[in-house]
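S.K.: Fold the following.
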Amino acid sequence: MKYERTKYRNILLTILFIGFVSLTLSAGERQYNTKPYEFISSKLLNGKIVMLGESGTPGHNHLYSPIVVINIIRKWNEQIIKEHSKNKSLTLVLERNPGTVSCINEYIKSGDMKPLMPSEYRGSLENFYLYYHLRLLSSELAKSGNHLEIAGFENDEVYKDDFRFRKTPEEFDFIFGRERDTLIFTKLSKYISANPEKNIFIYYGNAHLSEKYEQKTDSSSLYNGWGYFLGHYMRQEYGNRFVTVEQVNGLQDFGDKFAYLKDSAFIMEKSDSVFANKLPFYCINADYKIIRYETLVAPHFYDRIFSRNVLMQRYNRLLVYDSLDRKYSVDVKRKNDNKFPKNSENILTSLKFLTGRDFTSIADFKKYLDTTESMDYHNRISSKEFEAEIFNNAIDTTDNAPYWFYRRLDYLYRLGMNSQSIRTPDDIKSNWESLWKETVQNMIYFDYVGLYWFGTPAEKNRAKLFLKDYTHEDYIDAADYLEWYYKNIYHYKFE
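M.R.: A predicted model of the protein is given here:
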């Protein structure tokens, strides 16, 4: 009897030891799926509602996430072709209102991006790159007998020009924080119910994947600032049919046991603990995480392109704002003066950046436009005056220290500057020569990409000459020149 107990105890200890070793090996030698795009597209084809988070801080508009969107849609189509299926439909739900989506769809049909420019409130070159490829993908899917639909369920009214003139900032925060995600969910769920045959692919900012009750805006007299994001309502309604995917960028090399992952995108499950607390932006409790090695590059915004067309678009927007300000203003003086309208701060910042001037009124700006028709705005980037403006703005310490850090870091980052080592004004001063040398090179290149995309005929011609000489490539489309720089300078992978 004693022998039997000893025998069973030894067997049990052996089993426990083998289990422990197996767990240890599985944690250290786990084989991760290095085909994340196929994995997600398979989920879509199996009827899952997939919500992909847009990685990126600060803000949206980077190229990092659209690469994943493009690849998932392409793999979705390729899998259907392999299965010899046809007449499949995929709906891509963007974080856009129906008005903007209508312009995107019009561009996909016609190839003319001009009508899209004023409606695209997130007007980065990287966003336009996504739209360019959605147009190509739409054609690819159509050739194989399938269909791509673009949809958006944001509140159209919020994105109309007169909304901010009719609402107070507190009212806007209330709508944004308290009502926005519930309204999106209501419209989206109705669409899903009405289109049961469609695969649903949602592409939204990472925060909207969250299922927690959390603070979304500052508190005010109308609202305490707390609420749920879209992910919460989708989970409640669709349970395990709803799949969330976060994107994580800038993963470092973790040694030989993960050598096969080096420079390769891969996917991990929520339950995985191997990389816990080691991943940048590891904050959303998503079902899956797509991991990539590329680091974020700041978006290049349309309103920072040194083009006469951009200045004219800014002027036309000022006229619209002026008309609305006079319409809704309770100030009699405002109805009769010639000053700039309220809510035009971002436009004035753009004008200062592009021209170096502080205009006193719309009439003053119009006079400038009338007398500088043939001015080569692009050359301003290389001027000493422009460099001095950027430098002085970067080291401006009139704000308190914490605010200076975040505001300046964001400012320099959006110029294309490598700002990882910047913590104080002295960091900028001591490293300015090398920081500016790299920054001005990036600015010149991307400005020419923007000019080739949106500039006047003369600006387009000059941009093409530069881009062809710089890259030794004769591309027809500006999107290809943008991709070239990301591949060759920032070492991005597009497949």
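S.K.: Low-confidence ranges, the stretch 151-300 of the chain, go.
M.R.: Scanning the stretch 151-300 of the chain for pLDDT under 70 picks out 250-257, 275-283.
S.K.: Spell out the residue ranges of the strands in it.
M.R.: 199-205, 214-215, 226-227, 242-248, 266-269, 288-291 (DSSP state E, counting those that start in this stretch).
S.K.: Identify whichever of the ones you listed lies nearest to residue 110.
M.R.: Of all the strands of the stretch 151-300 of the chain, strand 199-205 sits nearest to residue 110, with 22.9 Å by C-beta to C-beta. C-betas here are computed from N, CA, C, even on glycine.
S.K.: Can you pull out the residues in contact with that closest one?
M.R.: Outside strand 199-205, the residues that touch it by C-beta atoms under 8 Å, 6 or more residues apart in numbering are 44-45, 47, 49-54, 60, 65, 69, 72-73, 76, 88-95, 188, 192, 230.
S.K.: could I get the strands of the stretch 151-300 of the chain as a markdown table with distance to residue 416?
M.R.: What follows is the strands of the stretch 151-300 of the chain, written out as a markdown table (distance: least, C-beta to C-beta, whole Å):
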| stretch | distance to residue 416 |
| --- | --- |
| strand 199-205 | 22 |
| strand 214-215 | 32 |
| strand 226-227 | 35 |
| strand 242-248 | 21 |
| strand 266-269 | 29 |
| strand 288-291 | 25 |
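S.K.: can I get those in TSV with mean neighbour count and distance to residue 326?
M.R.: Compiled in TSV, the strands of the stretch 151-300 of the chain are given as follows (neighbours: other C-beta atoms under 10 Å; distance: least, C-beta to C-beta, whole Å):
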stretch	mean neighbour count	distance to residue 326
strand 199-205	22	35
strand 214-215	12	37
strand 226-227	16	35
strand 242-248	23	44
strand 266-269	17	54
strand 288-291	24	49
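S.K.: Inside strands: which ones of the contacts of strand 199-205?
M.R.: Among these, the members found in strands (DSSP state E) are 49, 50, 51, 52, 53, 54, 89, 90, 91, 92, 93, 94.
S.K.: Tell me what the last one is bridged to.
M.R.: Taking DSSP bridges as the rule, residue 94 bridges to residue 152, residue 203.
S.K.: ditto for the fourth one
M.R.: Bridge pairing for residue 52 (DSSP bridges) gives the partners residue 203, residue 245.
S.K.: Surely it and residue 71 touch.
M.R.: No: using C-beta atoms under 8 Å, residue 52 is not in contact with residue 71; the gap is 11.0 Å.
S.K.: So which of those two has more stuff around it?
M.R.: A count of neighbours by other C-beta atoms under 10 Å puts residue 52 above the other of residue 52 and residue 71, at 25 against 21.
S.K.: where along the stretch 151-300 of the chain do the helices fall?
M.R.: 163-166, 169-174, 180-194, 230-238 (DSSP state H, counting those that start in this stretch).
S.K.: between those, which one is nearest to residue 410?
M.R.: Nearest of those (C-beta to C-beta): helix 169-174, 20.5 Å.
S.K.: For that closest one, buried residues please.
M.R.: 173, 174 (16 or more other C-beta atoms under 10 Å).
S.K.: related to what we said a few turns ago, report the buried members of the ones in strands among the contacts of strand 199-205.
M.R.: The neighbour-count test (16+ other C-beta under 10 Å) applied to these identifies 49, 50, 51, 52, 53, 54, 90, 91, 92, 93, 94 as buried.
S.K.: so which of those residues would you say is closest to residue 484?
M.R.: residue 54 (23.2 Å).
S.K.: contacting residues for that closest one?
M.R.: With C-beta under 8 Å, 6+ apart, residue 54 has these contacts: 60, 62, 65, 95, 203, 204, 205, 206, 247.
S.K.: Any chance of these in CSV with distance to residue 450 as columns?
M.R.: Shown next, in CSV, are these (distance: C-beta to C-beta, whole Å):
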residue, distance to residue 450
60, 18
62, 16
65, 20
95, 23
203, 24
204, 26
205, 24
206, 27
247, 25
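S.K.: and of those residues, the nearest to residue 370?
M.R.: Lowest distance from residue 370 to the contacts of residue 54 (C-beta to C-beta) belongs to residue 60, with 35.8 Å.
S.K.: who touches stretch 477-487?
M.R.: Residues from elsewhere that reach stretch 477-487 (C-beta under 8 Å, 6+ apart): 63, 125-126, 128-129, 132-133, 297, 445-446, 448-450, 452-453, 467, 471, 473, 475, 492-494.
S.K.: Can I get the buried part of these as one ChimeraX selection?
M.R.: Remark: buried members of the contacts of stretch 477-487, expressed as a ChimeraX selection using 16+ other C-beta under 10 Å:
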select :63,125,126,128,129,132,133,297,445,446,448,449,450,452,453,467,475,492
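S.K.: Ok, which of the strands of the stretch 151-300 of the chain comes nearest residue 345?
M.R.: Nearest to residue 345, of all the strands of the stretch 151-300 of the chain, is strand 199-205, at 23.0 Å by C-beta to C-beta.
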